[in-house]
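J.: sequence first, predicted model second:
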Amino acid sequence: MQRLLRYFLLTTLVFFTHSLLANELKNNPSPYLAMHGNDPVNWKLWGKAALDKAKKENKMIFVSVGYFSCHWCHVMQRESYQSKTIARILNKDFIAIKVDRELNPVLDKRLIEFVQITTGSAGWPLNVFLTPDAYPLVGATYMPHDNFVKVLKGLQQRWKKDPQLLMDMAKNRNETLTNMLQTQERTSSNQKISKVANNLQTVIMKNADTLLGGFGNRKFPSTAQLTALLVINKQKKNTEIDDFLQLTFNQMARKGLHDDIGGGFFRYTVDPAWETPHFEKMLYTNALMTLLYFEAAERYNNPEYRQVAIETLHFVIESMRGKSNAYISSLSAVDNKNEEGGFYLWSRHELPKILNQQELDLAYKIWNLDQANELPAGNLPRREEALSTLAKKMGKPVKLLEKQVNQLRNKLKAYRNKHRGLPKDTKLLASQNGLLLGAFAKASSYEPSLNVYGDKLALFLESLWNGKILRKSAADATKGTLDDYATVAWGLLAWGKSTGNKKSMQTGLAIAQTAWKRFYKHGVWIEITQSLLPQGTQMRHLQDGAIPSAEYFLLAASQLTDDASLRRNVENVLNNSTRSLEVDPYAYASLIAFSLSYR
């Protein structure tokens, strides 16, 4: 009996240990991956080992892509990935892989592209099923629990019935999509890239919301397109475009995209009037918005825009500084009480407990907070007009109102920092910190007191370079992709040029030279040195996304040097125009704008 009991305990322990080890994400340095470490799903990391396992066991691969501050990624984890029912199906019939999109941007880009083309829309959480040889088969974004169960069971039934049919389908679809995407890439254009600028301006303005500013129903900052308009319109002034740009800059700075209490910008607003943000704050968004507002301040000689840029950097320093003098990836949209936007919202019931009557009256006038809750946790402070305009309406000197508003901001900010919490993605990414160093470089002539932070950030980025390889993050030795090389080279060179930092110039130049050799071959960009997916589209030019393309940043970095070979590389790229740029110039805005300013 004792022997039987010992056997039972031993086998139970072995099974329990195996179950724990089956999920590879526990204690991962990525907060997004680590938060899935206790899921009952046997998550694997993306890599050769997981793909080999899929081939050996002849199982479909399920790839789930997301990031830490993504609200619906958290929802799908609670509903589905912590469900024993779904875990049982995934563990038995699939190889389940979890991916942090910020650590594997090229894979994310390929899968986003696949889902966008096959379904008409894409986003995160991104869920894609692959065949064992890694051909994408079908994909979707967020799926409620019951729908997800149906999809899993339906796919597995089809796989058991005729796996070869699904494998052939995936291969044929990949070939069709690749040929479709490469058709325009293969077609050269006789038109120089700079000559497409007029068409770009026309296309951007066709997409422009001239009543509310920005583009589309969901309002993203669209920094590549707005910067391109600034460049084009500077060369050939158009009053209508100037009006649209200034309307957009005012809307973004004063309404829901901007946190008027603590500073910084949210990723986008969910409505066309810039009222309600999606409450996550990304490092890349705030670095790019700093650069954009400095450009706008110079173009229109507008001190308000300049102040927005400087205050955004102060926000980043205060709220996003991590270890090693670098800056973290993002702040979550959901607060520590699981309330979306709860960190930033104020209710009429709460405010009188924090502010005296004079402060309360001012808060109501400045931010329209004297109303019923628009969201469950309260109202977002939004300022409809410039403080100078509000001061005139209130009969106050501008300096006095600015002082009072800053005191009010500091009081509310101190309260929320003390009584509220906000989860953070603490990854220190090379690419995003490269963007931020470029923003510090731009600020160096306006706010020299910030240079100490730029110097320390430059040292961090230099530490990721060993003379041959650039690491993607501070957490491990993962090799950087083209995005990392391009933005870090640009950031270091911009910093070196603006401050006279010779070490930054030397390191930036070395990284740029390596990037050209490693990622640009025979007139085609290679975004990652080794991909486990089947061959994708060969791109002669790279499209902008939420961040301007890596192609643009490497060109801009090379322009900051006196290296003749890098200059020749730039000219070769600019002389390599394709039909893609003519058909969809909006997607290549940063490249086209660069071609206009290149000397």
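T.: On my side now, so go ahead. Numbering: from 1, shown residues only.
J.: what about stretch 251-258, start to end distance?
T.: One end of stretch 251-258 to the other measures 9 Å (C-alpha to C-alpha, to the nearest Å).
J.: over to stretch 138-152?
T.: Stretch 138-152: ends 11 Å apart by C-alpha to C-alpha.
J.: which outside residues touch stretch 521-529?
T.: With contacts defined as C-beta atoms under 8 Å, 6 or more residues apart in numbering, stretch 521-529 is touched by 106, 109, 479, 481-483, 518-520, 538-542, 550-551, 572, 576. Just so you know, the C-beta spots here come from the backbone N, C-alpha and C atoms, and that holds for glycine as well.
J.: what about burial for the residues you listed, which qualify?
T.: Neighbour-count burial (16 or more other C-beta atoms under 10 Å) is assigned, among those, to 106, 109, 481-483, 518-520, 538-542, 550-551.
J.: what's the lowest-pLDDT member of those?
T.: By pLDDT, Gln538 ranks lowest within the buried ones among the contacts of stretch 521-529, coming in at 76.
J.: so, low pLDDT: which residues of the protein?
T.: Along the chain, the model assigns pLDDT under 70 to residues 1-21, 181-190, 536-537, 599.
J.: care to break it down by domain?
T.: Here the domain parsing of the chain from automatic domain parsing is 19-185, 193-332+422-530+538-597.
J.: looking at these, which is closest to Pro352?
T.: Closest to Pro352 of the domains of the chain, according to C-beta to C-beta: domain 193-332+422-530+538-597, at 17.1 Å.
J.: gap between that closest one and the chain center?
T.: 11 Å (C-alpha atoms, centre = their mean, to the nearest Å).
J.: what about it, how long is it end to end?
T.: 12 Å.
J.: just name the most buried of the domains of the chain.
T.: Comparing the domains of the chain by mean neighbour count (mean count of other C-beta atoms under 10 Å), domain 193-332+422-530+538-597 comes out on top with a mean of 20.
J.: just grab the bridge partners of the nearest residue to Leu345 once chain neighbours are set aside for me.
T.: In space, and not counting its chain neighbours, Leu345 is closest to Gly378: 3.7 Å by C-beta to C-beta, 6 or more residues apart in numbering. Beta-bridge pairing for Gly378 (DSSP bridges): Leu375.
J.: Phe215 now?
T.: Ala208.
J.: if I look at it, how far off is Arg471?
T.: As judged by C-beta to C-beta, to the nearest Å, Phe215 and Arg471 stand 35 Å apart.
J.: who touches the residue nearest to Leu345 in this structure?
T.: Gly378 sits in contact with 345-348, 350, where contact means C-beta under 8 Å, 6+ apart.
J.: quick check: the farthest pair among those residues?
T.: Most distant of the contacts of Gly378, by C-beta to C-beta, are Leu345 and Arg348, 11.4 Å apart.
J.: pretty sure Gln404 is in a helix, no?
T.: Yes: assessed by DSSP: H, G, I helix; E, B strand; the rest coil, Gln404 belongs to a helix.
J.: OK, contacts around the residue nearest to it when sequence neighbours are not counted?
T.: Of all residues not flanking Gln404 in the chain, Leu362 sits nearest, at 6.1 Å (C-beta to C-beta, 6+ apart). With contact set as C-beta under 8 Å, 6+ apart, Leu362 has these partners: 404-405, 408.
J.: swap in Lys84?
T.: Pro40.
J.: returning to what we had before: got the domains of the chain as CSV, with distance to Ile366 columns?
T.: Output for these, formatted as CSV (distance: least, C-beta to C-beta, whole Å):
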stretch, distance to Ile366
domain 19-185, 28
domain 193-332+422-530+538-597, 8
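J.: wait, what's in contact with Ser83?
T.: 40, 145.
J.: same check, this time on Thr141
T.: 72, 115, 121-127.
J.: tabulate those residues in JSON lines, adding columns for distance to Lys59.
T.: Output for the contacts of Thr141, formatted as JSON lines (distance: C-beta to C-beta, whole Å):
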{"residue": "Trp72", "distance to Lys59": "26"}
{"residue": "Val115", "distance to Lys59": "21"}
{"residue": "Ser121", "distance to Lys59": "28"}
{"residue": "Ala122", "distance to Lys59": "25"}
{"residue": "Gly123", "distance to Lys59": "26"}
{"residue": "Trp124", "distance to Lys59": "24"}
{"residue": "Pro125", "distance to Lys59": "21"}
{"residue": "Leu126", "distance to Lys59": "20"}
{"residue": "Asn127", "distance to Lys59": "16"}
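J.: just the residues you listed: which are in helices?
T.: Within these, membership in helices is found for 72, 115, as judged by DSSP state H.
J.: pick out the most distant pair among the contacts of Thr141.
T.: Once C-beta to C-beta is applied, those give Trp72 and Val115 as the farthest pair, at 14.5 Å.
J.: what's the closest non-adjacent residue to Gly341?
T.: Phe279 is the one closest to Gly341 (C-beta to C-beta, 6+ apart), at 4.1 Å.
J.: the one you found contacts Leu375, doesn't it?
T.: No: in this structure, Phe279 is not within contact of Leu375 by C-beta atoms under 8 Å, at 9.7 Å.
J.: joint contacts of those two?
T.: Common neighbours of Phe279 and Leu375, using C-beta under 8 Å, 6+ apart, are Gly341.
J.: name the single longest helix found in the protein.
T.: Under DSSP H, the chain gives helix 163-186 as its longest helix.
J.: helices or strands next to that helix in the packing?
T.: helix 105-119, strand 136-140, helix 145-161, helix 579-583 (3 or more C-beta pairs under 8 Å, 6 or more residues apart in numbering; DSSP states H and E).
J.: Serialize these to JSON lines and add fields for distance to Thr487.
T.: Shown next, in JSON lines, are those (distance: least, C-beta to C-beta, whole Å):
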{"stretch": "helix 105-119", "distance to Thr487": "11"}
{"stretch": "strand 136-140", "distance to Thr487": "27"}
{"stretch": "helix 145-161", "distance to Thr487": "36"}
{"stretch": "helix 579-583", "distance to Thr487": "22"}
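J.: which residues in the chain form strands?
T.: Using DSSP state E, the strands of the chain run over 44-45, 60-66, 94-100, 126-130, 136-140, 268-269, 277-278, 281-282, 330-331, 424-425, 520-521, 524-525.
J.: possible to save the ones you listed as CSV with distance to Val151?
T.: Supplementary listing: those in CSV, determined by distance: least, C-beta to C-beta, whole Å:
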stretch, distance to Val151
strand 44-45, 20
strand 60-66, 10
strand 94-100, 11
strand 126-130, 8
strand 136-140, 7
strand 268-269, 28
strand 277-278, 26
strand 281-282, 30
strand 330-331, 29
strand 424-425, 28
strand 520-521, 39
strand 524-525, 34
